[in-house]
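J.: with the sequence up front, the predicted model follows.
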Amino acid sequence: MTPVTQKSYSIQRQLLNSLLIGLPIIWLSITLISVWRLSHEINEINDTQITQLARYLIGISQDVKLHLANPANEPKILNLENGLLSGDLGDAEEDYMGFAIWDQNGKLLMADKDGQHFTFLPKQHGFLENNSAYQELNPFSHSWRLFYAHDDATNHLIAIGQNLNSRQEIIYKSLTIQLVPSLIGVMLLIMLTWLSVRRGFVPLKRISDLLSTRSPEDKTPLSVDTPLEIQPLLNALNGLFDKVADTLEREKRFTADASHELRSPLTAIKLQTNVLQQTILQANLTDSQTDALLSHCRQISHSNERANRLVEQLLILAKLAPQQGLDPQTFAPIDWIALSNDILSEVNRRAREKNSQLRRDVLVDAKAILPLTGNATLIGILLRNLLDNAIRYSPDHTTIRLVLDSEVITVIDNGNGVAPIDLARLSERFFRPAGQAEIGSGLGLSIVRRIAELHGLQITMQNLEHNGQICGFQVSLFKR
C-alpha cells in the first residue's frame, strides 16, 4: 500500500510571516496616507495664512498713501532682526515669509527684505501656479509660494510669498515628530510579536522533545504546563500511551506464547520423522519402497526445518517491530573480532556442507574497526543472517569473505549474484527471488535492515561484475 504524502507546514512560521510582514506593510500604508494628508493639510494652513496676511496688508495699505503724493520718496523696506523679537523663536527663520506693496504704476511702496525682490505682475490674481505664464517672469516662483491681491480702494497691488523650503521643513519636522515614535512602536510591536509567538510554541517543542525520547512501553502521562488550547491534545496523547503500552504488552505475551506453542509441535514432528526413518530402515521392504519412503521423510524433515527457521525469524522480527526501540542499558562497545569469531563458528558447519570457505579479512587494527555502540546480541544476529544468506544462496565451493574495516563491514561472495530487477526488493518481508531451491522465509535481510536502522547503520547491496558479467554479491554496512 502506497503511503499517503501529506503537505506539512509550520503554524509558527505562518504566524511570524503574517505578522512580521503584515505589520510593516500596514504601517507603511498608514504612513504614506499620513504623509499625503499631512502635507495637504499643512499646505492648506500655510495658504490660508498667506491669504489672511494679504487681507491684513490690504487693510493697512492706506498708511502708504503718502508715497503717492511724493513720488521721490523711497519705498519703505522693513527689516526686523530676530534679535529684536521677544520669545523663543526656535528654528524660525527670517525669510519664512515676505511681502511687497506697489502702486498701480508699479512703484514699490513697502516691502520686507525678501519682498523687495518680488516681481510686479499687475494682471496676476491669486496664487502664482506652476502653469502660470507669469511664473517665468518671477525669479522667486520656483522657491516661493506667491499670492497676488489688488486693493481696489487704493489701486495697490499686494504680493505675499512664503519660502517653499521652509514650508517643506515644517512638513518634514511634523512627519518626523509623528512617524519616528510610530516606527519605534512598530519595531517594538514586531519584537513583542516574535517573542510572544516563539514563547507560545515552547510547550509544543517541550512535548516534542519528551516524545522523541519516550519508550513505547512507558505509560506515564506527560506532565507539561500547556495552554488551554493544547490541553485536549495532551490528554489524547496520554490516553494513546496507555493503549500503545497495552497493545505492546499483549504482543509480547502473544510472541512468548507463540514461541512455546509453535516450537513444541515442530520439535515433536522432527522426533517422529527420525523415528519413522529408523522404522523404515528396519522394516522388511524392497529397496525401491525404502528409497521412496525415505525420500518422503527427507521432504518432511526439510519442511520441518523450514518451519523452524521461519518461526525463529518471525520471533526475532516481532522483537524488532518498528514501534519498539532498544534499551540503552543493553548497549556496549561492539568487539567485532570476538563477535565475528562466534558467528563464524556458528555458520561454519553450514559452509562445510556446501564445501564453501569462510574467510575473515581485518584491514585495520582491531580497535579501529567501525566504532559502534549497540546491542551485541542483535549485531550478532545481523552478521549471522548475512553470512548464512551468502552461504545458502551461493553455489558450492564458494568463498565467503567477511571484511572488517575502519568505516565499513562487508560480506562478499563469489556466487551468481541477484537479478538486477530484484535488488531493490531484497529487504522486503517474505520476498524471495524466483527460482530459489534453498530453504528460507524471505525475512533474513528484513531483520538485517531493521537491526541496522536501530543502530544508525546504513545497508547497501550490489552485484559485483567483471567484464560485464556478474561474479559475486556484496552487502556493506556503514554509519549514516
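T.: Here it is on my side, so go on. Numbering: from 1, shown residues only.
J.: tally of neighbours for Lys243?
T.: 10 (other CB atoms under 10 Å). Where C-beta positions appear, they are placed from N, C-alpha and C, glycine not excepted.
J.: and it, what element?
T.: helix 231-282 (DSSP states H and E).
J.: who does that helix touch, helix- and strand-wise?
T.: Counting contacts by 3 or more CB pairs under 8 Å, 6 or more residues apart in numbering; DSSP states H and E, helix 231-282 is packed against helix 202-212, helix 287-319.
J.: all helices for the stretch 351-480 of the chain, in order.
T.: Shown for the stretch 351-480 of the chain, the helices assigned by DSSP state H, counting those that start in this stretch span residues 376-392, 444-454.
J.: could you do the stretch 1-150 of the chain as well?
T.: With DSSP H, counting those that start in this stretch applied, the stretch 1-150 of the chain shows helices at 11-60, 66-69, listed in chain order.
J.: centre of the chain to the longest one, how far?
T.: So that's helix 11-60. Here the centre of helix 11-60 is set off from its chain's centre by 40 Å, with CA atoms, centre = their mean, to the nearest Å.
J.: sec struct for Gln162, please.
T.: Secondary structure assignment for Gln162 (DSSP: H, G, I helix; E, B strand; the rest coil): strand.
J.: so what pairs up with it in the strands?
T.: Gln162 has these beta-bridge partners by DSSP bridges: Met97, Arg145.
J.: then Arg359?
T.: Going by DSSP bridges, Arg359 is paired in beta bridges with Arg401.
J.: what's the nearest residue to Asn385 if we skip its chain neighbours?
T.: Leaving aside its chain neighbours, Asn385 sits nearest to Gly444 (4.4 Å; criterion: CB to CB, 6 or more residues apart in numbering).
J.: output the lowest mean pLDDT helix or strand found in the chain.
T.: helix 66-69 (a mean of 46; mean pLDDT, DSSP states H and E).
J.: which other residues reach stretch 469-480?
T.: 370, 372, 382, 386, 390, 394, 407-418, 448, 452, 456-465 (CB atoms under 8 Å, 6 or more residues apart in numbering).
J.: how does it look with 7 Å?
T.: With CB atoms under 7 Å, 6 or more residues apart in numbering as the test, stretch 469-480 has contacts from 386, 407-418, 452, 456-465.
J.: what's the answer for stretch 381-389, then?
T.: 316, 339-340, 343, 346-347, 350, 400, 402, 411, 444-445, 447-448, 451-452, 475.
J.: quick one: low-confidence ranges for the stretch 101-250 of the chain?
T.: Filtered on pLDDT under 70, the stretch 101-250 of the chain yields the residue ranges 130-141.
J.: for it, what spans make up the strands?
T.: Using DSSP state E, counting those that start in this stretch, the strands of the stretch 101-250 of the chain run over residues 108-112, 126-127, 144-151, 156-163.
J.: let me know which of those strands is tucked in deepest.
T.: Of all the strands of the stretch 101-250 of the chain, strand 156-163 has the most neighbours on average by mean count of other CB atoms under 10 Å, namely a mean of 24.
J.: can you add mean neighbour count and distance to Arg359 and give the helices and strands packed on helix 231-282 back as a markdown table?
T.: Compiled in a markdown table, the helices and strands packed on helix 231-282 are given as follows (neighbours: other CB atoms under 10 Å; distance: least, CB to CB, whole Å):
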| stretch | mean neighbour count | distance to Arg359 |
| --- | --- | --- |
| helix 202-212 | 13 | 42 |
| helix 287-319 | 15 | 25 |
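J.: list buried members of the contacts of stretch 381-389 by neighbour count.
T.: Among the contacts of stretch 381-389, the ones that count as buried by 16 or more other CB atoms under 10 Å are 316, 339-340, 343, 347, 400, 402, 411, 444-445, 447-448, 451-452, 475.
J.: and stretch 470-480, how far out from the chain's middle?
T.: Using CA atoms, centre = their mean, the offset of stretch 470-480 from its chain centre is 34 Å.
J.: can you give me the domain boundaries for this protein?
T.: Using automatic domain parsing, the domain ranges for the chain come out as 12-79+93-172, 231-319, 328-431+440-479.
J.: residue nearest the centroid of this structure?
T.: Taking CA atoms, centre = their mean, the centroid of the chain lies closest to Ser10, which sits 7.9 Å from it.
J.: state the pLDDT value of it.
T.: Listed pLDDT for Ser10 reads 70.
J.: could you dump the strands of the stretch 101-250 of the chain to TSV with distance to Ser303?
T.: Below are the strands of the stretch 101-250 of the chain laid out as TSV (distance: least, CB to CB, whole Å):
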stretch	distance to Ser303
strand 108-112	122
strand 126-127	111
strand 144-151	109
strand 156-163	110
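J.: could you export stretch 14-21 as CSV, CA atoms only?
T.: Provided in CSV are the C-alpha atoms of stretch 14-21 (Å, rounded to 0.1, in the frame of the first residue of the first chain):
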residue,chain,number,x,y,z
GLN,A,14,2.9,31.2,9.1
LEU,A,15,2.1,33.4,12.1
LEU,A,16,5.5,35.0,12.1
ASN,A,17,5.4,35.6,8.4
SER,A,18,1.9,37.0,8.5
LEU,A,19,2.6,39.3,11.4
LEU,A,20,6.2,40.3,10.7
ILE,A,21,5.4,41.1,7.1
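J.: show me where pLDDT drops low in the stretch 351-480 of the chain?
T.: Counting by pLDDT under 70, the stretch 351-480 of the chain has low-confidence residues at 427-443.
J.: could you report the pLDDT at the residue nearest to Ala283 when sequence neighbours are not counted?
T.: Distance criterion CB to CB, 6+ apart; nearest residue to Ala283, sequence neighbours excluded, is Thr290 at 7.7 Å. We have a pLDDT of 81 for Thr290.
J.: good, we can wrap up now.
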